[in-house]
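Peer 1: have a look at this prediction, sequence included:
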Number of protein chains: 2
Amino acid sequence: MGLTKSEIFTDEQNQLSTLLKAIAHPARIAILQRIIISNTCICGDLVGELGLAQATISQHLKELKLAGIIQGTIEGVSVCYCINPKTWKLLEEQLGGFLASYKGETTCC
Amino acid sequence: MGLTKSEIFTDEQNQLSTLLKAIAHPARIAILQRIIISNTCICGDLVGELGLAQATISQHLKELKLAGIIQGTIEGVSVCYCINPKTWKLLEEQLGGFLASYKGETTCC
DNA sequence: CAATTAAATCGTAATATTGCGATATATAAT
DNA sequence: ATTATATATCGCAATATTACGATTTAATTG
């Protein structure tokens, strides 16, 4: 099949997995790190820095944008991308809650 | 292609994306939540609770195990799965560092 | 307006993921 | 040994992802 059965899961589970999927790729992690360091990023810069083709970078940026993790505004000929603080906060909260729900060490196996 | 170019990324980026990919699925999030709540879980229970076939659940458990996020020990006829505290801690650290590196709000676009 | 530059989109190939029925394997009970 | 139960694995079909060359779209410059 290849089609996730979203209907059988909660909205929270689906939302969190969608956000995680968006950042679960080394190129997209690298892009986000670059954005965070310079507080902005331009597609062209990434093409030079990462070893990926322009079309590939643009596609990764599109996915991050689609998930609401980044946003971009036109800046002359190029496009300026930056973190969407709202989604980032949401991710921190959802993920933080999930990860913290495990109170480690009392392993049974 | 369909093949991620891991060579061009750092070990940290690859490792984090691998862990994230493992949990970036609603079924696997649901499985982990179930394990955390009861501090253990047995494949058969999940088959009843989630609406997925036994083969599918087994496959998701395998992926979580492969990523080192859970571990299982044979318990009679069934298998007892639980969180691997080491990997969970690693995930918390890596991800925490990554998420916290963005000091929000100073949006430029 | 023509030329240039930057990014997006299209089309395509290779590979990965998701899900499940069917079957195999392994342990426990009779 | 046979049977029952639980989980793993196989094989397959449908769909998704990754990557990139080629092309298109949009904005700036001359």
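Peer 2: Cool, the structure landed.
Peer 1: so which residues of chain A form strands?
Peer 2: Counting by DSSP state E, chain A has these strands, from start to end: A:41-42, A:70-75, A:78-83.
Peer 1: is any residue of the one helix or strand in chain A whose mean pLDDT sits lowest near DNA strand C?
Peer 2: Evaluated with mean pLDDT, DSSP states H and E, the helix-and-strand set of chain A has its lowest mean pLDDT in strand A:41-42, which scores a mean of 83. Yes. Contact check for strand A:41-42 against DNA strand C, using CB under 7 Å from any atom of the strand: residues in range are A:Ile42. C-beta: built from backbone N, CA, C; applies to glycine.
Peer 1: and what of stretch A:74-82?
Peer 2: Yes. Judged by CB under 7 Å from any atom of the strand, stretch A:74-82 comes into contact with DNA strand C at A:Val77, A:Ser78, A:Val79.
Peer 1: across the sheet, point out what pairs with the last one.
Peer 2: In this structure, A:Val79 bridges to A:Ile74 when assessed by DSSP bridges.
Peer 1: so who does it touch?
Peer 2: The neighbourhood of A:Val79, defined by CB atoms under 8 Å, 6 or more residues apart in numbering or on different chains, consists of A:Ile42, A:Cys43, A:Gly72, A:Thr73.
Peer 1: let me know the pLDDT of it.
Peer 2: A:Val79 is assigned a pLDDT of 94 by the prediction.
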